[in-house]
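[1] Compute the structure for the input listed below.
(one chain, ligands or ions: 1)
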Amino acid sequence: MTKPIHVTSEIGKLDVVMLKRPGAEVENFTPEMMPRLLFDDIPYLPIAQKEHDNFADTLRANGAEVLYLENLVVEALEAGGLAVKTAFLDKMLTESGYAAGIIHRELEDYLLNMTTTEMVIKLMAGVRKNELDFVPRDLVSAAEEQDYPFYLDPMPNLYFTRDPAASLGDGLSINHMTFPARQRESFFMETIINYHPRFADQGLHVWRDRDQPGRIEGGDELVLSDTVIAIGVSERTSAGAIEDIARRLFERKSGFEKVLAIRIPHNHAMMHLDTVFTMINHDQFTVHPGILGEGGQIDTWTITEDQDGDLHVNHHSDLKQVLKDVLGLAEIDLIPTGGGDPLIADREQWNDGSNTLAIAPGVVVTYNRNYVSNQVLREHGLKVLEVLSSELSRGRGGPRCMSMPLVREDL
Ligand SMILES: NC(=[NH2+])NCCC[C@H](N)C(=O)O
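    Coordinates of the predicted model:
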């Protein structure tokens, strides 16, 4: 029987996917907070939701079952019962900076008095100080944080379900994320895996959990085949974490035998590998030309296990050749974002023109605003399903970032 998580490629027909519908969290902040929350603008929520529904409908119309993160968390907590709900809240408050003390107790009181659904939505949306009729008298609150409006920051990046965890084979990595703005997000996924009846006790492997020290995010984790994973060395994923997960995947006989580490520029526009490189067919990929040097050069390393169980690391610089080698293909088609025009490539990459989601071999979901790249994809024979993108794109993520495939058909 297929496990509740089963992903052995980037392109196998998408059967089950997890999304998060944008809620109050995407507008519950000030312009001043934007850089820290990793947003470049504040989306207009009703339109963002409409666009997101359009995305979900497109996936459903093409045969995918859509699960929502927010519902799964509520269902997991309800299945777990009061003790689980209390422990969950306690840990969430601790990770939000209130390990104990009066503010912890006040917040606990406030949130535990809600229904589970209200509590989960509230934790995601953030808790403002003026919601509680209580004035903290401690020195930190009085002297340092008096002008700060929140007890609990909103989590606007939750609709990028790709990043807090990544499905790999019959399991997943639950990620230790890079920035404080996102670190609490992967706790939702851990809760689902531990307590949701659909996922708990189903023999799923957690290849690497969120308590591990090195940083890794799902936007950097690409399943190229049932034996090869590519991982970006990026602003968000450290080389140490890549070695660590490679070791665990090899040791635990996950089926993956090779990890391809690809180093990309470390900046906000290209925070993850999937913002500049995605797999969209057996032998076709999108790539942002800005990451390739002369003659398509880019630093990559293949990591394998040698006879003694040690990691063996091999450096390469020709992306096309490495991909051919690891996938056993005679030819591959690297399709440049923006058709290769450097201005258009940069503009469309900024709005996630390289961040395509394959829902079957050669069938991709993309943002409609990247019309040049979309046309190029069509010219290369792909079927392109465009979705609305004016507001969603303000969070700096596209269709791949907004989706966590849980089950794909094997190729
Ligand atoms: N898989 C991705 N590329 N995700 C994009 C995430 C964007 C989000 N604002 C962040 O900076 O974390």
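[2] what about the helices in the stretch 251-400 of the chain?
    Applying DSSP state H, counting those that start in this stretch to the stretch 251-400 of the chain gives helices spanning 319-327, 342-350, 371-379.
[3] mind listing what's buried in the helix ranked longest in the chain?
    If you go by DSSP state H, the chain has its longest helix at helix 45-61. Buried residues in helix 45-61, counted by 16 or more other CB atoms under 10 Å: L45, A48, Q49, E51, H52, F55, A56, T58, L59. Just so you know, the C-beta spots here come from the backbone N, C-alpha and C atoms, and that holds for glycine as well.
[4] Who are the packing partners of that helix?
    strand 14-19, strand 65-68, strand 363-367, strand 383-387 (3 or more CB pairs under 8 Å, 6 or more residues apart in numbering; DSSP states H and E).
[5] can you put the buried residues of helix 45-61 in CSV and add distance to the ligand and pLDDT?
    Output for these, formatted as CSV (distance: CB to the nearest ligand atom, whole Å; pLDDT from 0 to 100):
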residue, distance to the ligand, pLDDT
L45, 16, 98
A48, 13, 98
Q49, 18, 98
E51, 16, 98
H52, 15, 98
F55, 14, 98
A56, 17, 98
T58, 18, 98
L59, 17, 98
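[6] Get me the contact residues on the stretch 101-250 of the chain for the ligand.
    N157, F160, R162, D163, R182, G219 (CB under 6 Å from any ligand atom).
[7] okay, the closest residue to the ligand within the chain: pLDDT?
    Closest approach between the chain and the ligand, counting by CB to the nearest ligand atom: G219, at 2.4 Å. Looking at G219, its pLDDT reads 98.
[8] Tell me who's in contact with it.
    Counting by CB atoms under 8 Å, 6 or more residues apart in numbering, G219 makes contact with 160, 162-163, 232, 236, 271-275, 397, 400-401.
[9] Name the nearest residue to it, sequence neighbours excluded.
    Of all residues beyond its chain neighbours, the one nearest G219 is H272 (2.7 Å), with distances taken as CB to CB, 6 or more residues apart in numbering.
[10] Give the full set of residues in contact with that neighbour.
    D163, E217, G218, G219, D220, G232, S234, E235, R236, T237, C401.
[11] Apply 10 Å and report the result again.
    By CB atoms under 10 Å, 6 or more residues apart in numbering, the residues touching H272 are 160, 162-163, 217-222, 232, 234-237, 264, 355, 396-397, 400-401.
[12] Counting only helices, which of those make the cut?
    Going by DSSP H, the helices hold none of the contacts of H272.
[13] With distance to Y151 as new columns, can the buried residues of helix 45-61 be given to me in a markdown table?
    Output for the buried residues of helix 45-61, formatted as a markdown table (distance: CB to CB, whole Å):
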| residue | distance to Y151 |
| --- | --- |
| L45 | 22 |
| A48 | 25 |
| Q49 | 25 |
| E51 | 30 |
| H52 | 27 |
| F55 | 32 |
| A56 | 31 |
| T58 | 37 |
| L59 | 35 |
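[14] ok, back up a step: most tightly surrounded among the helices and strands packed on helix 45-61?
    Sort these by mean neighbour count, taking mean count of other CB atoms under 10 Å, and strand 363-367 sits at the top with a mean of 24.
[15] That one vs the ligand: in contact?
    No - figure legend: strand 363-367 not in contact with the ligand (CB under 6 Å from any ligand atom); closest approach 12.6 Å.
[16] Show me what that strand is packed against.
    Applying 3 or more CB pairs under 10 Å, 6 or more residues apart in numbering; DSSP states H and E, one finds that strand 363-367 makes contact with helix 45-61, strand 277-281, strand 284-287, strand 357-360, helix 371-379, strand 383-387.
[17] Now do the helix or strand bottoming out on mean pLDDT in the chain: distance to the chain's middle.
    Each helix and strand of the chain was given a mean pLDDT (mean pLDDT, DSSP states H and E); the minimum falls on helix 139 at a mean of 82. Relative to its chain's centre, helix 139 lies at 37 Å (CA atoms, centre = their mean, to the nearest Å).
[18] contacting residues around that helix?
    E145.
[19] which is the next helix or strand following that helix?
    Proceeding N to C from helix 139, the next assigned helix or strand is strand 150-152, under DSSP states H and E.
[20] quick one: the next helix or strand after that next one to chain centroid distance?
    For strand 150-152, the following helix or strand on the C-terminal side (DSSP H and E) is strand 165-168. Chain-centre distance of strand 165-168: 9 Å, with CA atoms, centre = their mean.
[21] Near the ligand, which residues of the stretch 251-400 of the chain are found?
    M271, H272, D274, T275, G395, R396, G397.
[22] What subset of these is buried?
    M271, H272, D274, T275, G395, R396, G397.
[23] Just give the closest residue to the fifth one, not the sequence neighbours.
    So that's G395. Closest to G395 by CB to CB, 6+ apart is F39, at 5.7 Å.
[24] Remind me which helix or strand that neighbour belongs to.
    F39 belongs to no helix or strand, assigned by DSSP H and E.
[25] give me every residue that touches it.
    V26, E27, F29, P31, M33, P156, N157, A181, R394, G395, R396 are the contacts of F39 under CB under 10 Å, 6+ apart.
[26] can you put the residues you listed in TSV and add pLDDT?
    Formatted as TSV, those follow (pLDDT from 0 to 100):
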residue	pLDDT
V26	97
E27	96
F29	97
P31	96
M33	96
P156	98
N157	98
A181	98
R394	95
G395	95
R396	94
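[27] And these, which two are furthest apart?
    Greatest spatial distance among these (CB to CB): P31 and N157, at 16.7 Å.
[28] more neighbours, these two?
    Taking neighbours as other CB atoms under 10 Å, P31 and N157 compare with N157 leading, 24 against 9.
[29] What does the nearest residue to that one once chain neighbours are set aside show for phi and psi?
    Distance criterion CB to CB, 6+ apart; nearest residue to N157, sequence neighbours excluded, is R182 at 5.4 Å. Backbone torsions for R182, taken as degrees, to the nearest 10, come to phi -120, psi -10.
[30] do you know how far R182 is from G397?
    From R182 across to G397, the span is 12 Å (CB to CB, to the nearest Å).
[31] joint contacts of these two?
    The contact lists of R182 and G397 share L38, N157, F160, D163, where a contact means CB under 10 Å, 6+ apart.
[32] which one of these is nearest I291?
    For these, the nearest to I291 is D163 (19.2 Å; CB to CB).
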